[in-house]
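S.K.: one predicted model, sequence on top.
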2 protein chains.
Amino acid sequence: MDSRELRYFVAVAEELHFGRAAQRLGIAQPPLSRAIIRLERRLGAALLRRTSRSVTLTEAGAVLLREGRRALDALEAAERRAQRAARAATGRPSLVLVAKAAASSELLAKLLHAYAAEPGAIHVDVMLCRPGEQERLLRNGQADVAVLHRPFDETAGFDTEEILTEGQVAVLPAAHTLATRKDLHLKDLADLEDLPAPRWPGSDGAYPAGPGPEVQSHTQLLQLVSLGRALMVAPDSCRSQLRDDVVAVPVVDAPKVTTVIAWPPHSRSQAVADLVRTALRL
Amino acid sequence: MDSRELRYFVAVAEELHFGRAAQRLGIAQPPLSRAIIRLERRLGAALLRRTSRSVTLTEAGAVLLREGRRALDALEAAERRAQRAARAATGRPSLVLVAKAAASSELLAKLLHAYAAEPGAIHVDVMLCRPGEQERLLRNGQADVAVLHRPFDETAGFDTEEILTEGQVAVLPAAHTLATRKDLHLKDLADLEDLPAPRWPGSDGAYPAGPGPEVQSHTQLLQLVSLGRALMVAPDSCRSQLRDDVVAVPVVDAPKVTTVIAWPPHSRSQAVADLVRTALRL
DNA sequence: ACGAGCGATACCTCACAGGTATCGATGGGT
DNA sequence: ACCCATCGATACCTGTGAGGTATCGCTCGT
């Protein structure tokens, strides 16, 4: 199968609209229609059910979308990693580490500092991204290692090592009734009408329905918390980053959060191995 | 990057010879040369060092070969799985399980039998292949699940569950001096001049140098053993398949062999999940 | 009933993948 | 030492097919 055809199909399958998909791909709609028809004929399988009003995926189409995305990511990764290897062979080699923008920056600082002291350490570029994006960056070759948080981030398909497991705290405005409690349970937080849980955008950029405020970053959320507009539940280690108008109270029955370091399963890089070894010694 | 260009590069990188690679690809040599040059220009990186007598990989080329193979496997997998999904939606769905040709057939039989009794079980196609090939079949979508043996088979990049751990035995001609021993150590077998270890073909089909006979299958090997021409060390469970002119003696310090069931990490198939659950109950 | 929206079809054009012939360099054989 | 076999690169030609424009035919909302 040709990768261009697959890219076209993925665009249509994501947009579920030939016109928009064609626009995204920078081509006209007719060649796109033809390419998809040709692909379906080559595969001998219907991928899309079209009416003049809507496009939906068939079972085979859903499979091809999922697997095709991975294949395209792998292609991108091959390209990028080859380019990086070429640059590393001439200039200074480097390593890209990706973490969530709000990840335990203390731990990250310790890790980077400890690794820099290792013999043979190379430069580490730190890339901060939105939650849930690390997986993709690691798969498509934009990053070499990632710091993830289970159970929030998906680690399937990567090699991982655990660095740290911690409990979670509820972050509340200092003046709130619950702020003086020594600890809390999830049910204490479940239906606080004055402090709704915030809503994060999904992978498609859309917000789920619900009462809480829409947020895009932890800074935003933290501000909403101190304004008494939202509730935040986060790993213990976030305490070091809190302003003093908010209070952190342990949530004893919240799921434990494990910080893990993850890398593509066939990484042959000495630098990745060194970094992981360093992480395990923290 | 275009998948055709990548396929071309992989062919050249494997053959290290433009003429042979072109022949394998079914095209003439000049367009192949041009395609590689174009690819190198697009990437902005040299992939091959050519003289008029030899072709070698650069660092970047080696990376692109490794990662590119995976990407092409992923493409193939996407295509095949989509086709299978289409056929499953109309006719009878099925599952392809791959195992080494000589794998513990008793265990396999038990597994298949137990799974067939499950509610909602679908037809399982069993595919037998040569050692080391399962990984590729799983990655390129020809198989859905594999039975592997650690530490011989590579499991990196797959989700796995352990089914069984067992020791290993040396299989000897019944008349051999060591055949009456109750157990053996690896050093007893290390330099037996009358019974050399057999040589298996590598992933490139070539045999390593050495004294032992070249073999392609366990049947062959077993025959050589009973002829007193070779030594065989295999997991305990192979005993059930032995003829009575050979004897199995435990090798107490041989590495333990773990039979695992493996599947692609993002498999969404209910059937795979059922099969794995069944395997864990054995 | 009509028009807007959307995917499919018809038809044209040109870029590029691929073929043949040949060059230029290199190394082994006599 | 010379020549020829080997191998990748270059020059030049050709046909396929990817992409563009115009338009059709179906469906639904008003």
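M.R.: Noted; the coordinates are in hand. Quantities reported herein were computed from a predicted structural model and do not represent experimental measurements. Numbering: from 1, shown residues only, chains lettered A, B, ... in the order given.
S.K.: next, count neighbours for the residue of the stretch 51-200 of chain A found nearest DNA strand C.
M.R.: Closest residue of the stretch 51-200 of chain A to DNA strand C, CB to the nearest atom of the strand: residue A:52 (4.0 Å). C-beta coordinates here come from the backbone N, C-alpha and C atoms, glycine included. Residues within reach of residue A:52, counting by other CB atoms under 10 Å in any protein chain shown, total 5.
S.K.: report the secondary structure state of it.
M.R.: Following DSSP: H, G, I helix; E, B strand; the rest coil, the label given to residue A:52 is coil.
S.K.: and the helices in the stretch 151-282 of chain A?
M.R.: Ranges of helices in the stretch 151-282 of chain A, per DSSP state H, counting those that start in this stretch, are A:186-190, A:218-226, A:270-280.
S.K.: quick check: which of the ones you listed is buried the most?
M.R.: helix A:218-226 (a mean of 19; mean count of other CB atoms under 10 Å in any protein chain shown).
S.K.: CA atoms only: put that one into PDB for me.
M.R.: The C-alpha coordinates for helix A:218-226 follow below in PDB (Å, rounded to 0.1, in the frame of the first residue of the first chain):
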ATOM      1  CA  HIS A 218      -2.600  23.800  34.900                       C
ATOM      2  CA  THR A 219      -1.700  27.400  35.400                       C
ATOM      3  CA  GLN A 220      -5.300  28.300  34.300                       C
ATOM      4  CA  LEU A 221      -6.700  25.700  36.500                       C
ATOM      5  CA  LEU A 222      -4.700  26.800  39.500                       C
ATOM      6  CA  GLN A 223      -5.900  30.300  39.100                       C
ATOM      7  CA  LEU A 224      -9.500  29.000  38.900                       C
ATOM      8  CA  VAL A 225      -8.900  27.100  42.100                       C
ATOM      9  CA  SER A 226      -7.600  30.100  44.000                       C
END
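S.K.: contact partners of that helix?
M.R.: Helix A:218-226 has contacts (CB atoms under 8 Å, 6 or more residues apart in numbering or on different chains) with A:101-102, A:171-173, A:198, A:213, A:215, A:230-232, A:234, A:242-243, A:245-246.
S.K.: can you pick the most crowded of the residues you listed?
M.R.: With neighbours taken as other CB under 10 Å, the top of the contacts of helix A:218-226 is residue A:172, carrying 26 neighbours.
S.K.: hang on, the earlier thing: next one: the residue of the stretch 51-200 of chain A closest to DNA strand C from DNA strand D, what distance?
M.R.: 3 Å (CB to the nearest atom of the strand, to the nearest Å).
S.K.: what pLDDT is listed against that residue?
M.R.: pLDDT, residue A:52: 78.
S.K.: what sits against it?
M.R.: With CB under 8 Å, 6+ apart, residue A:52 has no contacts at all.
S.K.: tell me how far it lies from residue A:18.
M.R.: 11 Å (CB to CB, to the nearest Å).
S.K.: how many residues are close by residue A:57?
M.R.: 17.
S.K.: partner residues bridging it?
M.R.: Using DSSP bridges, the bridge partners assigned to residue A:57 are residue A:48.
S.K.: so residue A:268 sits right up against residue B:65, yeah?
M.R.: No: applying CB atoms under 8 Å as the test, residue A:268 and residue B:65 come out as separate, 11.6 Å apart.
S.K.: who has more neighbours, those two?
M.R.: residue B:65 (19 against 11).
S.K.: contacts only, for the nearest residue to that one once chain neighbours are set aside.
M.R.: Ranked by CB to CB, 6 or more residues apart in numbering or on different chains and with sequence neighbours excluded, the top spatial neighbour of residue B:65 is residue B:13, at 4.3 Å. Contact analysis of residue B:13 by CB under 8 Å, 6+ apart lists B:47-48, B:57, B:61, B:64-65.
S.K.: cool, residue A:250 as well?
M.R.: Going by CB under 8 Å, 6+ apart, residue A:250 touches A:167-170, A:182-184, A:236.
S.K.: I'd like the average pLDDT over the helix or strand hosting residue A:24.
M.R.: Using DSSP states H and E, residue A:24 maps to helix A:18-25. When pLDDT is averaged over helix A:18-25, the result is 95.
S.K.: now, which of the contacts of helix A:218-226 sits nearest residue B:93?
M.R.: residue A:198 (41.7 Å; CB to CB).
S.K.: for residue A:221, see how far away the closest one is.
M.R.: Taking CB to CB as the measure, residue A:198 falls 5 Å from residue A:221.
S.K.: which residues are in contact with each of these two?
M.R.: Shared contacts of residue A:198 and residue A:221 (CB under 8 Å, 6+ apart): A:215, A:230, A:232.
S.K.: how about those in JSON lines, adding pLDDT and distance to residue B:149?
M.R.: Shown next, in JSON lines, are the shared contacts of residue A:198 and residue A:221 (pLDDT from 0 to 100; distance: CB to CB, whole Å):
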{"residue": "A:215", "pLDDT": "87", "distance to residue B:149": "49"}
{"residue": "A:230", "pLDDT": "87", "distance to residue B:149": "52"}
{"residue": "A:232", "pLDDT": "89", "distance to residue B:149": "48"}
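S.K.: could those residues be laid out in CSV, adding distance to residue B:7?
M.R.: Shown next, in CSV, are those (distance: CB to CB, whole Å):
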residue, distance to residue B:7
A:215, 45
A:230, 52
A:232, 50
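S.K.: ramachandran coordinates for the residue of the stretch 51-200 of chain A closest to DNA strand C?
M.R.: Main-chain torsions, residue A:52, degrees, to the nearest 10: phi -70, psi 0.
S.K.: on that earlier part again, give me the subset of the shared contacts of residue A:198 and residue A:221 touching DNA strand C.
M.R.: Taking CB under 7 Å from any atom of the strand as the test, DNA strand C is in contact with none of those.
S.K.: anything in the longest helix along chain A near DNA strand C?
M.R.: Looking across chain A with DSSP state H, the single longest helix is helix A:59-90. No: judged by CB under 7 Å from any atom of the strand, helix A:59-90 stays clear of DNA strand C, getting no closer than 12.6 Å.
S.K.: who are the packing partners of that helix?
M.R.: helix A:3-15, helix A:134-139, helix B:3-15, helix B:29-43, helix B:59-90 (3 or more CB pairs under 8 Å, 6 or more residues apart in numbering or on different chains; DSSP states H and E).
S.K.: closest to DNA strand D out of those?
M.R.: That would be helix B:29-43 among those, by CB to the nearest atom of the strand, at 3.0 Å.
S.K.: against residue A:92, how distant is residue A:112?
M.R.: The value you get for residue A:112 to residue A:92, if CB to CB is used, is 16 Å.
S.K.: list the buried residues for stretch A:146-160?
M.R.: A:146-150, A:153, A:155, A:157-160 (16 or more other CB atoms under 10 Å in any protein chain shown).
S.K.: save those as JSON lines, and put in distance to DNA strand D and pLDDT too.
M.R.: Converted to JSON lines, these look like this (distance: CB to the nearest atom of the strand, whole Å; pLDDT from 0 to 100):
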{"residue": "A:146", "distance to DNA strand D": "33", "pLDDT": "96"}
{"residue": "A:147", "distance to DNA strand D": "39", "pLDDT": "95"}
{"residue": "A:148", "distance to DNA strand D": "37", "pLDDT": "94"}
{"residue": "A:149", "distance to DNA strand D": "40", "pLDDT": "93"}
{"residue": "A:150", "distance to DNA strand D": "41", "pLDDT": "93"}
{"residue": "A:153", "distance to DNA strand D": "36", "pLDDT": "92"}
{"residue": "A:155", "distance to DNA strand D": "36", "pLDDT": "94"}
{"residue": "A:157", "distance to DNA strand D": "31", "pLDDT": "92"}
{"residue": "A:158", "distance to DNA strand D": "33", "pLDDT": "96"}
{"residue": "A:159", "distance to DNA strand D": "36", "pLDDT": "95"}
{"residue": "A:160", "distance to DNA strand D": "39", "pLDDT": "96"}
